[in-house]
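**Q** Got a predicted structure here, sequence first:
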Amino acid sequence: MSTALYRRYRPETFADVIGQEHVTEPLMQALRTGRVNHAYLFSGPRGCGKTTSARILARCLNCEQGPTPTPCGECDSCVALARGGAGTVDVIEIDAASHGGVDDARDLRERASYGPAQSRYKIYIIDEAHMVTPQGFNALLKIVEEPPEHVKFIFATTEPEKVIGTIRSRTHHYPFRLVPPGQLSDYMERLCVAEEVFVAPGVLSFVVRAGGGSVRDSLSVLDQLIAGSGPDGLTYESAASLLGFTDGELLDAAIDAFGAGDGAGAFSAIERVIETGLDPRRFIEDLLERLRDLIVVAAVPDGASAVLRALPPDQLERMRQQAAAFGNGALSRAADIVNAGLTEMTGATAPRLQLELIAARILLPAAAGETGYAARLDRLERRLDVGGVPSGATASAPSAPVQRPVPAAQPAAQ
């Protein structure tokens, strides 16, 4: 039986936690100087390291060489609290979703008065702290405000606003954040090397998008792909098919058709979306992201590789050509149409019809409005460039005065 990746590679020190330096560094400094608070509140999205950091803090506090910012990993407490360890009676994890009532809080308050059995501190890690009832929080208020010297509290929650203010004001609050895509992609690439799994280009970008910045969610998706991979490792086609993302060739075909104003090509791409069973809403999301990438490429043609790090050089070159075929104004207009259509598709009973209407709006010549005028100007400039006349020549040429015909004199009425 294989252990999940997010459990097998759970960090054991603050240095191993990625993307949360704004939290881990102040905590390590507090451990160095001995200015450790009696209660902490860790908040943030799911899977970003709140409970893991609480366990690491418990290891640092109860290490025989501690309190220390780096646990030794050899003493009984460090071994018991390590990844896969048996745990200790002095570090108590409580799931507030099932133990958040007033009776549970009273029981915790009574047990906290007794000293630790083996370690330096008795540490309570209260997960999903927002599930504690107001009565439960009120029962905990006194001991959280003035706990015994041997007791530490660490609250972890995804909804800190639901923790009552009297508790929140007595803690040091550390907000965790989602991990940036580049940092998360590099981390998963190192894990794939450690697991000796070949990963095709573009696969990790799918995993990062599916994980939404959560390390645990991303590792779960990666674990699923590895479990179903064959001798060739993680291929682009299998990842796109399993995760439901649009194939790059289909996106390129749709973008080329929109850029050239080719209605037959655009609706042929839509037909392929339906035939392959791809979710139309997912296709629109992927199309909007591609348009965003094209806008970036058009804005910074030489520095796009630094912004779009996950894309290979050949794909970037093709996107430069696509951005040039569109023009800045037409790209912005198409992105606005797709974004508005994506909002309209929420709860739509006929998603294919919505998709076809979005395509028709993109292909429809812009007639008015700021984005419409910019798109028409792009189109005129491209036609002038193709005809051999520089696009700036019309602006520099002096304009001749317009001769208006003089109306003939009307004969006088008799």
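**A** Structure received.

**Q** how far does stretch 165-178 stretch from start to finish?
**A** The first and final residues of stretch 165-178 sit 25 Å from each other (C-alpha to C-alpha, to the nearest Å).

**Q** Between the two ends of stretch 174-187, what distance do you get?
**A** End-to-end span of stretch 174-187 (C-alpha to C-alpha): 23 Å.

**Q** what comes up buried for that stretch?
**A** The neighbour-count check on stretch 174-187 (16 or more other C-beta atoms under 10 Å) flags 174, 176, 178-179, 181, 184-185, 187 as buried. (Each C-beta comes from the backbone N, C-alpha and C, glycine too.)

**Q** Pull the most distant pair out of those residues.
**A** Within the buried residues of stretch 174-187, Tyr174 and Ser185 form the most distant pair, 24.9 Å apart (C-beta to C-beta).

**Q** so where's the stretch 301-414 of the chain uncertain?
**A** Scanning the stretch 301-414 of the chain for pLDDT under 70 picks out 310, 348, 366-379, 382-383, 385-414.

**Q** And the helices in it, which stretches?
**A** Taking DSSP state H, counting those that start in this stretch as the test, the helices found in the stretch 301-414 of the chain are 304-307, 313-326, 328-344, 351-363, 370-386, 393-396.

**Q** Out of these, which is closest to Tyr236?
**A** The minimum distance between Tyr236 and these falls on helix 313-326, with 11.4 Å, by C-beta to C-beta.

**Q** if we can go back for a sec, dump the helices of the stretch 301-414 of the chain to TSV, plus distance to Ser98.
**A** Below are the helices of the stretch 301-414 of the chain laid out as TSV (distance: least, C-beta to C-beta, whole Å):
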stretch	distance to Ser98
helix 304-307	45
helix 313-326	48
helix 328-344	38
helix 351-363	39
helix 370-386	53
helix 393-396	71
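
**Q** Please tabulate those in TSV, including the columns distance to Glu275 and mean neighbour count.
**A** Formatted as TSV, those follow (distance: least, C-beta to C-beta, whole Å; neighbours: other C-beta atoms under 10 Å):
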stretch	distance to Glu275	mean neighbour count
helix 304-307	33	14
helix 313-326	24	16
helix 328-344	21	19
helix 351-363	11	18
helix 370-386	31	15
helix 393-396	45	9
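
**Q** right, and those - which one's nearest Ala96?
**A** With C-beta to C-beta as the criterion, Ala96 lies closest to helix 328-344 of the helices of the stretch 301-414 of the chain, at 35.8 Å.

**Q** Please name every helix or strand in contact with the closest one.
**A** Here helix 328-344 is seen to pack against helix 280-299, helix 351-363, helix 370-386 when contacts are counted using 3 or more C-beta pairs under 8 Å, 6 or more residues apart in numbering; DSSP states H and E.

**Q** Would you state the strands of the chain in chain order?
**A** 39-43, 91-95, 122-127, 151-157, 172-175 (DSSP state E).

**Q** Within the sheet, what are the partner strands of the last one, with directions?
**A** Strand 172-175 has the following sheet partners, assigned by DSSP bridges: strand 39-43 (parallel).

**Q** Convert the strand it pairs with to CSV, retaining C-alpha atoms only.
**A** Listed next in CSV are the C-alpha coordinates belonging to strand 39-43 (Å, rounded to 0.1, in the frame of the first residue of the first chain):
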residue,chain,number,x,y,z
ALA,A,39,-1.4,31.1,21.9
TYR,A,40,-1.2,31.3,18.1
LEU,A,41,-3.8,31.5,15.3
PHE,A,42,-2.8,30.1,11.9
SER,A,43,-5.3,31.0,9.2
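
**Q** In this structure Gln224 contacts Ser238, no?
**A** No: judged on C-beta atoms under 8 Å, Gln224 makes no contact with Ser238 at a distance of 11.0 Å.

**Q** can you give me the helices for the stretch 101-250 of the chain?
**A** Assigned by DSSP H, counting those that start in this stretch, the helices in the stretch 101-250 of the chain fall at 102-112, 134-145, 165-168, 181-195, 203-211, 215-227, 236-243, 248-260.

**Q** For Arg320, which of the ones you listed is the nearest?
**A** Closest of the helices of the stretch 101-250 of the chain to Arg320 is helix 248-260, at 12.3 Å (criterion: C-beta to C-beta).

**Q** Summarise which helices and strands the closest one is packed against.
**A** When contacts are defined as 3+ C-beta pairs under 8 Å, 6+ apart, helix 248-260 sits against helix 263-275, helix 280-299, helix 313-326, helix 351-363.

**Q** closest to Phe206 out of the ones you listed?
**A** helix 280-299 (10.3 Å).

**Q** The closest one to helix 313-326, inter-axis angle?
**A** Using axes from the mean of the first three to the mean of the last three C-alpha atoms, to 10 degrees, the inter-axis angle of helix 280-299 relative to helix 313-326 is 90 degrees.

**Q** so what does helix 280-299 touch, helix or strand wise?
**A** On a contact count with 3+ C-beta pairs under 8 Å, 6+ apart, helix 280-299 meets helix 248-260, helix 263-275, helix 304-307, helix 313-326, helix 328-344, helix 351-363.

**Q** Just send the ones you listed back as JSON lines, with distance to Gly101 too.
**A** Below are those laid out as JSON lines (distance: least, C-beta to C-beta, whole Å):
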{"stretch": "helix 248-260", "distance to Gly101": "52"}
{"stretch": "helix 263-275", "distance to Gly101": "50"}
{"stretch": "helix 304-307", "distance to Gly101": "50"}
{"stretch": "helix 313-326", "distance to Gly101": "55"}
{"stretch": "helix 328-344", "distance to Gly101": "41"}
{"stretch": "helix 351-363", "distance to Gly101": "44"}
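
**Q** For Leu380, which of those is the nearest?
**A** Here helix 328-344 is closest among these (C-beta to C-beta), at 10.5 Å.

**Q** Kindly export the closest one (C-alpha atoms) in PDB.
**A** Extracted in PDB, the C-alpha atoms of helix 328-344 (Å, rounded to 0.1, in the frame of the first residue of the first chain):
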ATOM      1  CA  ASN A 328      -3.500  44.500 -29.000                       C
ATOM      2  CA  GLY A 329      -6.900  46.000 -29.400                       C
ATOM      3  CA  ALA A 330      -8.500  42.800 -30.800                       C
ATOM      4  CA  LEU A 331      -6.900  40.700 -28.100                       C
ATOM      5  CA  SER A 332      -8.300  42.900 -25.300                       C
ATOM      6  CA  ARG A 333     -11.800  42.900 -27.000                       C
ATOM      7  CA  ALA A 334     -11.800  39.100 -27.400                       C
ATOM      8  CA  ALA A 335     -10.700  38.700 -23.700                       C
ATOM      9  CA  ASP A 336     -13.500  40.900 -22.600                       C
ATOM     10  CA  ILE A 337     -16.100  39.000 -24.600                       C
ATOM     11  CA  VAL A 338     -14.800  35.600 -23.300                       C
ATOM     12  CA  ASN A 339     -14.700  36.800 -19.700                       C
ATOM     13  CA  ALA A 340     -18.300  38.100 -20.000                       C
ATOM     14  CA  GLY A 341     -19.400  34.900 -21.600                       C
ATOM     15  CA  LEU A 342     -17.800  32.800 -18.900                       C
ATOM     16  CA  THR A 343     -19.900  34.700 -16.300                       C
ATOM     17  CA  GLU A 344     -23.000  34.100 -18.300                       C
END
